[in-house]
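[1] No letters, just coordinates:
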């Protein structure tokens, strides 16, 4: 049977506010346990929440960026359940009246095509604390520093059809929240977390299959692996005559499998009701217009502009606009060298491999945009060849010079363009290979192509790569055939 | 000195007839001597009180002259007091020394009031007899075999017995007005949002409101002036200027339009209390008021709606008492569930557990619409009744309670019969309007209260009418024998 | 909608209240009495009536995004039942 995968994602993005959503505690990551847990965060008796304006502004920013409806009023509700990292015994969240309503996000697939993923809603809520399970004499330790950190929970429609699409969607959300400056996107620190709702159905069937929810998958790679594993598990289960149970599962990256969390699940009844300590949040039109006016260029807009203004391919444009930092770097290179194609090739080629190799972010690049741009200028004005440029780039990366010009000068890499000097060098090469010259001249057109390459190679070798390749080609042809 | 009202104390301190230290010391001695009969205090903070009194005397010597400077009071034991036991009269908070001060506590301390201690109450303010306290029932000074009302029963008993001139209380369904009525005191529940709830341990957040209990309307005005006002720490606290309650006391009542809701005089009301209400109305007419009958058609639905909304909110508010970060934790919990279930099962008393269960049920899947949502709709109907009534009249007058104080233990086995005693008071909480109970006579030697209700933020009108009434009557000056 | 023993057990579990076996019958009866009182409101016609969550129908005030709290862990944990290395301790949570 042919199976179709149906995926919906719930992404929790920690909002990059200074203080918590309902208290004046700091939200800094990595502080000593419980040093950023105030009376409110600890759920001390008698304490009350007051909503952080910046969290509301950030949620609205996101809503506008996904073309969502933003209701005139949204309401906080309490989700009641007992857990040690949930100090009040309820999570203040939003249920019936979320701040951000229906919207969408267009994602780019690997083949360069685009797909629209619906976003059901996004709502504000408070994060819980952390349970530390390492041994405290058989006890669990509770750190409430994270409790009360603002979260935007972004719920997608079940529009996603493969693990690869899911990753593309999460990457697009990741890029978007970082473009907007509302989340640092640091998945290792849990700033962006993902729950995957996965089901399968026979191809062509309209009704959805029973879904399982994989909780807290926290890297792009794990999202893909966890979904693929879960899809396989469900298909095998059904094909063996079993049925999928609606449940919460946990992905174990070490074993590459998902397992049931049914022990913890039981019959949850969250008893949502409007939080009586908080009042409806009214969003004024003027407030939204002010935010809209200040929105930065978003990934999709940037990609379209890169295609339009710089004549880049859809693929190149989407790679270069994937993060705001990478796009900024690219545009900075371009500002110096004024050659979009070369700038794109170098940023996506040599620079990306260099960063990947050393596991660096673009803002940690050892080669600055100005350095790379300056180097490309030297390619363009024939000071160096593309091949020599790679040497210059490596030297810049190793810190062997402040600029391409300095490296070229110091290492004597300047290209030889004096035709007299090149001709003299070619004469020597041809004289040293007289036999091959004879053979070349005796051969037909088809064979000559390959043999010509031999002479070019010898010539470049003789010039230590510095002879201008165009001139070498042209002069060599004249000499061999002339 | 214990017979002095807050107003008289203010004059006495200003005239240097006595010092704040002398006054507090005298009252502390009186508490030590008499409170064992009443059980109105959970904690007496003698040392801290004398230090506060000395500081008040020093401030006065330096030229300050506030109305509450040096005035002795005490707080209901659900207002958080930093470093001082704050129990909510519950075993679950038996060891809870609050790490901060409630805004009300802060404001009154800043005004120079001297806190003598923390007052007994129904556990988590759930009750109307003060019998649900982990620290034992409070006795009514008018008859030690009877309840003082609740939940602010300790506040009422202590003030009625002249242990303190005034106290703070809270009112979620009548918890200031009903004990005031049962102990011959004046008690005011302000408009929802008038007094900050920061540091006031929540029972039902959308109904709870702090307010004063004292012997006279004038003293309530003095104390409310110190309690009321905007607080940025409470999202539901309203940024509306506080009226000059003292200045309003002496306004004439000529032209005041009074409404008597016909629904208030139905079955269940002790006829002698009905007579007391009508007698008050007659006095007010003499002072220039006009009277008409009005209707609050949904009043009967207030009890069902209240006993859904309050427990629902409470079931969630009280989840934080879990034995993890503060308060009571059971011995040797076997696992997490055991920790929760025993800490809460052993820490909460029977009435609190009942209300948590009712509220949990009302919010649970499948019952939310029939209970919680329905109750909220009824709540709007009740509010609408008042809004319509206040188009016609300036003030509503009626009984505070259907009966005078009942005997200790009389209603303990039947919670529903106790719930029905809240019939006249809970509508004001559901609608959020202010209400005041004032002394209006006696039935079988037991005090009777009459309730005044006014539109939102018209606390000054309530105090004004009560004060004018107290200028021409002397019920409020009667003292229980033995005190 | 009378509650049965199993309902009461379920509610007590949701609310994490340890109910002694012997208390359950009486608790069930009392809760049913209370629900009987509450059910009187079912007779009220509330068609078209908007639920009222807050008496004043005011709107939420917003707080500036400023850190105002300092570390007071020692004071807060002085009143905690069990702490170690700055962490609150609970019986082992099984994941």
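    Noted; the coordinates are in hand. The model shown is predicted, which means the values in this text are computed figures rather than measured ones. Numbers count the residues shown, from 1 in each chain, chains lettered A, B, ... in the order given.
[2] near chain C, which residues of the stretch 201-350 of chain A?
    Residues of the stretch 201-350 of chain A lying close to chain C (CB under 8 Å from any CB of the partner chain) are A:250, A:261, A:263-264, A:269, A:271, A:274, A:276, A:278-282. The way it works is simple: take the backbone N, C-alpha and C, and place the C-beta from them, glycine included.
[3] Kindly recompute the last result at 10 Å.
    A:250, A:261, A:263-264, A:266-271, A:273-282 (CB under 10 Å from any CB of the partner chain).
[4] Not counting its neighbours along the chain, what's nearest residue A:386?
    Nearest residue to residue A:386, sequence neighbours excluded (CB to CB, 6 or more residues apart in numbering or on different chains): residue A:379, at 6.1 Å.
[5] re the thing from before, the residues of the stretch 201-350 of chain A next to chain C, buried ones only, as a ChimeraX selection?
    Here the buried members of these are turned into a ChimeraX selection, burial being counted by 16 or more other CB atoms under 10 Å in any protein chain shown:
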select /A:250,269,270,271,273,274,275,276,277,278,279,280,281
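[6] What ranges does chain B have for its strands?
    B:41-44, B:72-76, B:114-119, B:166-170, B:186-189, B:210-214, B:257-261, B:290-294, B:395-399, B:435-443, B:446-453 (DSSP state E).
[7] Direction included, what does the second one pair up with?
    Just to be clear, that refers to strand B:72-76. Note on strand B:72-76: by DSSP bridges, its sheet partners are strand B:114-119 (parallel), strand B:166-170 (parallel).
[8] Make TSV out of these and add mean pLDDT, mean neighbour count and distance to residue A:447.
    Shown next, in TSV, are the strands paired with strand B:72-76 (pLDDT from 0 to 100; neighbours: other CB atoms under 10 Å in any protein chain shown; distance: least, CB to CB, whole Å):
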stretch	mean pLDDT	mean neighbour count	distance to residue A:447
strand B:114-119	98	28	106
strand B:166-170	98	30	102
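[9] Out of these, which gets nearest to residue A:352?
    strand B:166-170 (64.5 Å; CB to CB).
[10] thought residue B:245 was touching residue B:221?
    Yes - counting by CB atoms under 10 Å, residue B:245 does reach residue B:221; the two are 3.8 Å apart.
[11] Looking at these two, which is more packed in?
    residue B:221 (30 against 23; other CB atoms under 10 Å in any protein chain shown).
[12] Can you tell me what sits against stretch B:264-272?
    Residues from elsewhere that reach stretch B:264-272 (CB atoms under 10 Å, 6 or more residues apart in numbering or on different chains): B:273-274, B:276-278, B:293-294, B:296, B:299-300, B:396-399, B:401-404, B:420-421, B:423-424, B:427, B:441-444, B:448, B:451.
[13] surely residue B:242 meets residue B:457?
    Yes - using CB under 10 Å, residue B:242 is in contact with residue B:457, at 9.3 Å.
[14] joint contacts of these two?
    Residues touching both residue B:242 and residue B:457 by CB under 10 Å, 6+ apart: B:190, B:194, B:228.
[15] Give me the number of neighbouring residues for residue A:67.
    11.
[16] quick one, phi/psi of the most centrally placed residue in chain C?
    Nearest to the mean C-alpha position of chain C, by CA atoms, centre = their mean, lies residue C:15 at 6.6 Å. Torsion angles at residue C:15 (phi, psi; degrees, to the nearest 10) stand at phi -90, psi 0.
[17] Find the nearest non-adjacent residue to it, please.
    residue B:360 (4.5 Å).
[18] Show the contacting residues for the one you found.
    Residue B:360 makes contacts with A:80, A:269, A:271, B:311-312, B:314-316, B:319, B:367, C:10-17, as judged by CB under 10 Å, 6+ apart.
[19] make it 6 Å
    Counting by CB atoms under 6 Å, 6 or more residues apart in numbering or on different chains, residue B:360 touches B:315, C:11, C:14-15.
[20] Likewise for residue A:362?
    For residue A:362, the contact set (CB under 6 Å, 6+ apart) comprises A:325-326, A:329.
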